[in-house]
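Q: output the structure for:
(one chain, ligands or ions: 1)
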Amino acid sequence: MIEIKNLRKAFGNQVVLNNLDLKIEAGKITVILGKSGQGKSVLIKSIIGTLKPDSGKIMFDNKNLLDMKLPEFNKIRMKFGVLFQEAALFDSMNVFENVAFPVVEHKLINKKNIKDEVRRVLDLVELGDVEEKYPSELSGGMKKRVGLARAIITKPQIIFFDEPTTGLDPIVSYSIAKLIKDMKAKLNTTCLVITHDLDVANLIADFIGFLDGGKIIEFDEKENFFRSNSPIVREFLDAFKGG
Ligand SMILES: Nc1ncnc2c1ncn2[C@@H]1O[C@H](COP(=O)(O)OP(=O)(O)OP(=O)(O)O)[C@@H](O)[C@H]1O
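A: Below you'll find the model as predicted:
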């Protein structure tokens with residue numbers, strides 16, 4: 001679905017992505033693990049176009065996103081959904097307005113169908129009667145669900161999750177991770193998920209990649225990944241187990 005080749009991004013002298021390669025398989029959940037500050041968010045931002053990489057290729061539908069002019073990129077960008085760490089809801093809008101925002105902004109659906117569509121995605125994220133509530137009235141887990149509803153209302157082909165469970169207690173984290181997995185099963189959406197949380201990775205991943213020193217140093221199906229012999233990966237896995 002997406003193939004990244006030789007991606008490089010530096011900030012001044014600091015090389016964050018150092019000729020990184022990664023394949024994101026269609027219809028699968030790919031999880032990227034890595035220590036703090038290794039460039040996981042920079043990777044997502046490079047793909048969705050909020051950061052401009054220095055060089056390399058990001059191939060989508062056999063086209064390099066990095067070669068595209070803005071109007072062409074914006075059309076492709078509509079096929080991407082994004083859920084950021086803080087869910088990034090608009091505080092001055094209620095849940096209905098937040099969720100409807102992308103389809104209203106881009107005039108994607110008929111006005112009279114918007115209500116039904118908002119209800120459809122709120123049902124998918126298992127949120128009841130919350131349309132009238134404002135973000136300040138929601139718990140952290142509910143905000144993530146609203147953010148996810150907003151990410152899927154445009155029927156994206158691929159969704160990017162940047163730390164979807166950070167800041168949530170373990171039970172709510174589990175419910176969000178399960179929701180991502182169930183949603184992927186229902187909609188067959190390709191997902192790229194960045195997380196620190198090994199339990200989340202274990203629950204949802206088809207593939208796991210490990211980002212370190214600007215490169216994906218290990219990439220495999222989940223079961224094989226957990227048997228990795230790479231010392232850096234082992235150190236990370238063992239630290240999580242506490243042993
Ligand atoms: N816009 C920017 N300008 C300068 N440096 C940046 C910028 N964005 C990120 N960086 C640097 O790039 C490095 C990687 O940041 P990034 O946020 O991608 O890490 P991460 O792996 O997602 O970390 P975490 O798991 O803690 O969120 C950091 O050293 C960060 O300071």
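Q: CA atoms for contacts and neighbours, from now on please.
A: Fine.
Q: assign the nearest residue to residue 198 once chain neighbours are set aside to helix, strand or coil.
A: Ranked by CA to CA, 6 or more residues apart in numbering and with sequence neighbours excluded, the top spatial neighbour of residue 198 is residue 240, at 7.2 Å. For residue 240, the assignment made with DSSP: H, G, I helix; E, B strand; the rest coil gives helix.
Q: from the ligand, how far out is residue 240?
A: 14 Å (CA to the nearest ligand atom, to the nearest Å).
Q: thought that residue was touching residue 201?
A: No. Under the criterion of CA atoms under 8 Å, residue 240 is not in contact with residue 201, lying 12.0 Å apart.
Q: so for the two, which sits in the more crowded spot?
A: In this view residue 240 and residue 201 are compared by other CA atoms under 10 Å, and residue 201 has more residues nearby, 22 against 13.
Q: sticking with that one, tell me its helix or strand.
A: For residue 201, the host element (DSSP states H and E) is helix 198-204.
Q: again, but for residue 73
A: Secondary structure (DSSP H and E) places residue 73 in helix 70-77.
Q: ok, residue 171 next?
A: Per DSSP H and E, residue 171 falls inside helix 170-187.
Q: which strands or helices does that helix pack on?
A: Taking 3 or more CA pairs under 8 Å, 6 or more residues apart in numbering; DSSP states H and E as the contact definition, the neighbouring helices and strands of helix 170-187 are helix 140-152, helix 198-204.
Q: least reliable of these by average pLDDT, please.
A: Of all the helices and strands packed on helix 170-187, helix 140-152 carries the lowest average pLDDT, namely a mean of 89.
Q: quick one, domains of this structure?
A: For the chain, the structural domains run 2-79+157-241, 92-155, going by automatic domain parsing.
Q: got the end-to-end distance for the last one?
A: Right, domain 92-155. Distance between the two ends of domain 92-155: 25 Å, counting by CA to CA, to the nearest Å.
Q: run the chain-centre distance for it.
A: Distance of domain 92-155 from its chain centroid, counting by CA atoms, centre = their mean, to the nearest Å, is 18 Å.
Q: for stretch 38-58, same thing?
A: Computed by CA atoms, centre = their mean, the separation of stretch 38-58 from the middle of its chain amounts to 13 Å.
Q: can you check stretch 233-241 too?
A: Distance of stretch 233-241 from the chain centroid (CA atoms, centre = their mean) equals 23 Å.
Q: for stretch 37-44, same thing?
A: Its chain's C-alpha centre and that of stretch 37-44 lie 12 Å apart, by CA atoms, centre = their mean.
Q: same check, this time on stretch 24-40
A: Taking CA atoms, centre = their mean, one finds the center of stretch 24-40 at 9 Å from the center of the full chain.
Q: who wins for proximity to the ligand among the helices and strands packed on helix 170-187?
A: Among the helices and strands packed on helix 170-187, the nearest to the ligand by CA to the nearest ligand atom is helix 198-204 (12.8 Å).
Q: and the helix or strand following that closest one, what does it pack onto?
A: The helix or strand immediately downstream of helix 198-204 is strand 207-212, counting by DSSP H and E. When contacts are defined as 3+ CA pairs under 8 Å, 6+ apart, strand 207-212 sits against strand 29-33, strand 215-221, helix 222-225.
Q: thinking again about what came up before, comparing the domains of the chain, which gets the lowest mean pLDDT score?
A: Among the domains of the chain, domain 92-155 carries the lowest mean pLDDT, at a mean of 88.
Q: neighbours around residue 106, how many?
A: Residues within reach of residue 106, counting by other CA under 10 Å, total 10.
Q: quick one, the helix or strand hosting residue 119 and helix 170-187 angle?
A: Here residue 119, judged by DSSP H and E, is contained in helix 114-124. Angular relation of helix 114-124 and helix 170-187 on a 0 to 180 degree scale: 120 degrees, by axes from the mean of the first three to the mean of the last three CA atoms, to 10 degrees.
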